[in-house]
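Asker: What follows is a protein structure lacking sequence information:
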């Protein structure tokens, strides 16, 4: 433990890797700790128009993904519309997407240590990062280690159960572009998605954690009725942040020597469950704060740029999933907006 790192980032997913990339461009030499990335992540893998508009570099991944045309939106009482509101969005394997961003970071000067972090603690104005094989120290620690973040646990505490959601789904044989679908649920607040892919399709369901025991049954019924010939290749499940109250976003995400970004910060759309936009956005702002030698200022910058959006989405969550209101929105053609699009 002779070397003191400028910045240590726990987690090499999109938020951690993109933060490392931005720091490396500024001449810093961040180190990323991640034993598992890149990997196929259990999520829809959707890259929405807002993500592309805010971060045009993601267009480089389109050729490895599957571009959508029309999108079918089904209300909880089975009213259907076709919309072009999601036009130019695409889905992509998270293995490919995450690898691409991680490659950008490493090529720019970041260093990857493929070891699992087992403990972080403060000592003499430094953070001590312990892995299964080694011990490191750093002046600034970035937690980009997901919904079960070890860094979050050691700073502000784990995300509580009422602010969590669960996804369950299948990787299936390739479907046609005309099968791209979002189906809102009548039984519980949430939705089912069908994202055709280049080599396989992603079919999944998401809702609050308390409804987790209902997800598989609802999804299986939908698949049986709508895609009876579909061949299931594998299944997945995963938790993600899903704020139940705007007060959740009042919790700190930074201090003088640490920052939380992405899922570790809980920066996920409370309605759609989309996290890629805020993972990249938060990573960029975190890198800027660290470059200014003022990590704590990240708390001000993310609240100013997208904190109010997340709070507003949280306040509208119940109304959005109300059966009558969601159906009325579809009937009035509001499905043409990107509002329905999950981005993670």
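Answerer: That came through fine. Owing to the predicted nature of the structure, the values given are computational and were not obtained by experimental measurement. Numbering: from 1, shown residues only.

Asker: so what's the residue nearest to residue 4 when sequence neighbours are not counted bridging to?
Answerer: Distances taken as Cβ to Cβ, 6 or more residues apart in numbering place residue 137 nearest to residue 4, at 5.1 Å, with adjacent residues excluded. Every C-beta, even on glycine, is put in place using the N, C-alpha and C of the backbone. Taking DSSP bridges as the rule, residue 137 bridges to residue 4, residue 128.

Asker: isn't residue 76 right next to residue 184, touching?
Answerer: Yes: with contact defined as Cβ atoms under 8 Å, residue 76 counts as touching residue 184 (4.6 Å).

Asker: Ramachandran angles for the residue most central in space within the chain?
Answerer: Residue closest to the mean C-alpha point of the chain, counted by Cα atoms, centre = their mean, is residue 275 at 2.9 Å. Backbone torsions of residue 275, given as degrees, to the nearest 10, read phi -130, psi -10.

Asker: Could you measure from it over to residue 315?
Answerer: The gap separating residue 275 from residue 315 is 19 Å, by Cβ to Cβ, to the nearest Å.

Asker: Kindly report the same for residue 286.
Answerer: Distance from residue 286 to residue 315, by Cβ to Cβ: 26 Å.

Asker: pLDDT below threshold where in the stretch 51-200 of the chain?
Answerer: Within the stretch 51-200 of the chain, the segments meeting pLDDT under 70 span 84-87, 177-178.

Asker: Do you have the strands of it handy? List them.
Answerer: Using DSSP state E, counting those that start in this stretch, the strands of the stretch 51-200 of the chain run over residues 66-67, 71-74, 80-83, 90-91, 111-113, 117-123, 126-131, 135-143, 164-172, 181-184, 190-195.

Asker: contacting residues for the residue nearest to residue 4?
Answerer: Going by Cβ atoms under 8 Å, 6 or more residues apart in numbering, residue 137 touches 1, 3, 4, 5, 123, 126, 127, 128, 129.

Asker: does residue 230 count as helix, strand or coil?
Answerer: Following DSSP: H, G, I helix; E, B strand; the rest coil, residue 230 is assigned to coil.

Asker: who touches the residue nearest to it when sequence neighbours are not counted in this structure?
Answerer: Nearest non-adjacent residue to residue 230, counting by Cβ to Cβ, 6+ apart: residue 172, 5.0 Å away. Residues near residue 172 by Cβ under 8 Å, 6+ apart: 200, 201, 202, 203, 227, 230, 231, 232, 233.

Asker: pLDDT check: weakest of these?
Answerer: Scanning the contacts of residue 172 for pLDDT, the low point is residue 200. It has 82.

Asker: Quick check, that residue in contact with residue 233.
Answerer: Yes: contact criterion Cβ under 8 Å: residue 200 and residue 233 qualify, at 6.3 Å.

Asker: shared neighbours, these two?
Answerer: With Cβ under 8 Å, 6+ apart as the test, residue 200 and residue 233 both reach 171, 172, 173.

Asker: tally of neighbours for residue 57?
Answerer: 13 (other Cβ atoms under 10 Å).

Asker: er, residue 289 I mean
Answerer: 21.

Asker: Now do the same contact list for it.
Answerer: 254, 259, 295, 296, 297, 298, 301.

Asker: That one looks like it's in a helix, true?
Answerer: Yes: the assignment for residue 289 (three-state DSSP) places it in a helix.

Asker: Just the element for the closest residue to it other than its chain neighbours, please.
Answerer: Nearest residue to residue 289, sequence neighbours excluded (Cβ to Cβ, 6+ apart): residue 298, at 4.0 Å. Taking DSSP states H and E as the definition, residue 298 sits inside helix 298-302.

Asker: quick one: average confidence on that helix?
Answerer: In the prediction, helix 298-302 has an average pLDDT of 98.

Asker: residues in contact with that helix?
Answerer: Outside helix 298-302, the residues that reach it (Cβ under 8 Å, 6+ apart) are 252, 253, 254, 259, 265, 267, 281, 282, 285, 286, 288, 289.

Asker: got JSON lines for those, with secondary structure and pLDDT too?
Answerer: Below are the contacts of helix 298-302 laid out as JSON lines (DSSP: H, G, I helix; E, B strand; the rest coil; pLDDT from 0 to 100):
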{"residue": "252", "secondary structure": "coil", "pLDDT": "97"}
{"residue": "253", "secondary structure": "coil", "pLDDT": "98"}
{"residue": "254", "secondary structure": "strand", "pLDDT": "98"}
{"residue": "259", "secondary structure": "strand", "pLDDT": "98"}
{"residue": "265", "secondary structure": "helix", "pLDDT": "98"}
{"residue": "267", "secondary structure": "coil", "pLDDT": "98"}
{"residue": "281", "secondary structure": "helix", "pLDDT": "98"}
{"residue": "282", "secondary structure": "helix", "pLDDT": "98"}
{"residue": "285", "secondary structure": "helix", "pLDDT": "98"}
{"residue": "286", "secondary structure": "helix", "pLDDT": "98"}
{"residue": "288", "secondary structure": "helix", "pLDDT": "98"}
{"residue": "289", "secondary structure": "helix", "pLDDT": "98"}
